[in-house]
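**Q** Fold the following, please.
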Amino acid sequence: MRSFVSRLARLSAPWVAIFLIAPLALKDHAGAENATLPEKLSGHGGPVRSIRISADGERALSASFDYSIIYWSLEGKEGKVIKRLLGHNAAVNDVEFVPSDGKETWAVSVGDDGAFAIWDLSAGEPVSIINDTADKVLDVTVSPDGRLAAAARWDATARVYDITEATEIHRLEGHRNNVNAVVFGADNSFLLTGSYDGDIRYWRLSDGVENEKSIQDGRVIHANGWGINAIARIGDTDRFVFGAIDGGVGVLDVATGEVKSAGDFEHPVLSIAVDPQAQYFATGSGDGFLRVYDAETLNIVESWQNPYGPVWGLAFSDDGKRLYKTGLDDFVGYWQVNPRKPFDLPQGDLPRRFQVQASRDPGELEFQRKCSICHTLTPDDANRAGPTLYGLFGRKAGTVEGYPYSDALKNSEIVWNAKTIGQLFDHGPDIVTPGTKMPIQRLKSVERRDALIAFLEKATEPAGK
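**A** Predicted coordinates:
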């Protein structure tokens, strides 16, 4: 068995150039035709973690490191933003439509802040935000009937919620480590959870008379060994595809307990999508590889590599001909699976602003690496997670108009200058401004801290001052 350490070490190697295999013809879905889908969904101010397409193929939801969710209309070359949903206090890791009466007007989401949020998409406002723990939540799923949602948490539990009542009704305990993935069965009667501990557990759900909802099971249905990163149901069946930390891909038949391997690759599988007709499924991995499989034979029918990094999220278009993908870019890109293009060039730029490795000014280098993913130096904040730093020195904390500050900064008496910024990096925002949304950033090196402050003092000065 290959060493887990050696596999992770390969993640730091330079990204390989595009790899193309001989195109194979995928079966067309009868009556499915949509040649006008956007080639990008541009609007986020940070890396995008998740993408979901509505059942009618006309709308989408994306979740981002910039603390926001965008509700999209799939029109034009870069999509149209219907609503920008704000309410999480950290990176949003996953989002899902809630089906109801044939419509999808609600959504649920989870994030690094530990919150489970329910959204009214028409209003662009949260219906409820349940935030009873700070443990990270990576994955959220909705039952096929739209009544329940389940969230995979890093406190070794999964939580099941009644969406209409906005209440937690089950807490699934038994995993020995972070729970990374969760998915309902097609008939709403059970739930599968996948964990870093390597186990996939089966939880039978009982929803009989009122007040008798209970978890009746929790057994290990598959002991994979390597940690589970993603699970998805293949259509309306009891077959589930899963991806693991060691690069393994398998298909689990819940009815029989049989597991078939669909491949063993070098890098962790991070995302899975199943096409609407359940003829194919796709995986995205840490090295940027996208692979499309025949759901029956488990053979790879198409493969492509995005040289610009990991694939955190995947979603098929409603016609099954394109895969929308997310990763370190500030936009959602796509790969045209069918008909396959002879040369499908990757979208994006490398290195990204926060990956710059060299600068004449050491303070600018620190800004690029530590600050630019959340902040701009211009009057426009570019929809990033934090407010613009333009005019920072001499500004009272929490006063940039239009930015949704935490109460900690709104009520703060801090005025930003060399001393207070230095304290922020010496002690961390959790100490200097308790309750802030800012991620913890510290600089142990006095020289690097002072170089960053000197750079900020020059770079944030308003034009003409």
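
**Q** Need the pLDDT of residue 207.
**A** Listed pLDDT for residue 207 reads 53.

**Q** how about low-confidence regions in the stretch 301-450 of the chain?
**A** Along the stretch 301-450 of the chain, segments meeting pLDDT under 70 span 342-346, 350, 356-359, 440, 442.

**Q** Kindly tell me how buried residue 294 is, as a neighbour count.
**A** Residue 294 has 16 neighbouring residues, counting by other Cβ atoms under 10 Å. All C-beta spots, glycine's among them, are computed from the backbone N, C-alpha and C.

**Q** Start the count at 180 instead of 1 going forward.
**A** Okay, residue one is now 180; in that scheme the one you just asked about reads as residue 473.

**Q** and the closest residue in space to it that isn't next to it in sequence, what helix or strand is that in?
**A** Nearest non-adjacent residue to residue 473, counting by Cβ to Cβ, 6 or more residues apart in numbering: residue 480, 5.5 Å away. Per DSSP states H and E: residue 480 is located in strand 479-484.

**Q** And for residue 471?
**A** strand 468-473.

**Q** Mind listing residues that contact that strand?
**A** The contact list for strand 468-473 (Cβ atoms under 8 Å, 6 or more residues apart in numbering) reads 198, 205, 420, 428, 441-442, 444, 446, 458-464, 478-485, 490, 493, 502, 504, 514, 516.

**Q** Now the buried members of those.
**A** 205, 420, 428, 441-442, 444, 446, 458-464, 479-485, 490, 493, 502, 504, 514, 516 (16 or more other Cβ atoms under 10 Å).

**Q** quick one: residue 384 and residue 367 touch, right?
**A** Yes. If you go by Cβ atoms under 8 Å, residue 384 and residue 367 touch, sitting 7.1 Å apart.

**Q** gap between stretch 455-475 and the chain center?
**A** The chain centre lies 17 Å from the centre of stretch 455-475; the measure is Cα atoms, centre = their mean, to the nearest Å.

**Q** same check, this time on stretch 473-482
**A** 25 Å.

**Q** end-to-end on that stretch?
**A** Length of stretch 473-482, first residue to last, Cα to Cα, to the nearest Å: 12 Å.

**Q** Is residue 363 bridged to anything, and to what?
**A** With DSSP bridges as the criterion, residue 363 is bridged to residue 370.

**Q** which residues does it contact?
**A** Shown in contact with residue 363 (Cβ under 8 Å, 6+ apart): 320, 321, 322, 323, 327, 329, 369, 370, 412.

**Q** repeat for residue 309
**A** Residues in contact with residue 309 (Cβ under 8 Å, 6+ apart) are 294, 295, 296, 340, 345, 347.

**Q** if we can go back for a sec, relative to strand 479-484, how tilted is the strand holding residue 471?
**A** Strand 468-473 and strand 479-484 are oriented at 170 degrees to each other (axes from the mean of the first three to the mean of the last three Cα atoms, to 10 degrees).

**Q** Nice, that's everything, thank you.
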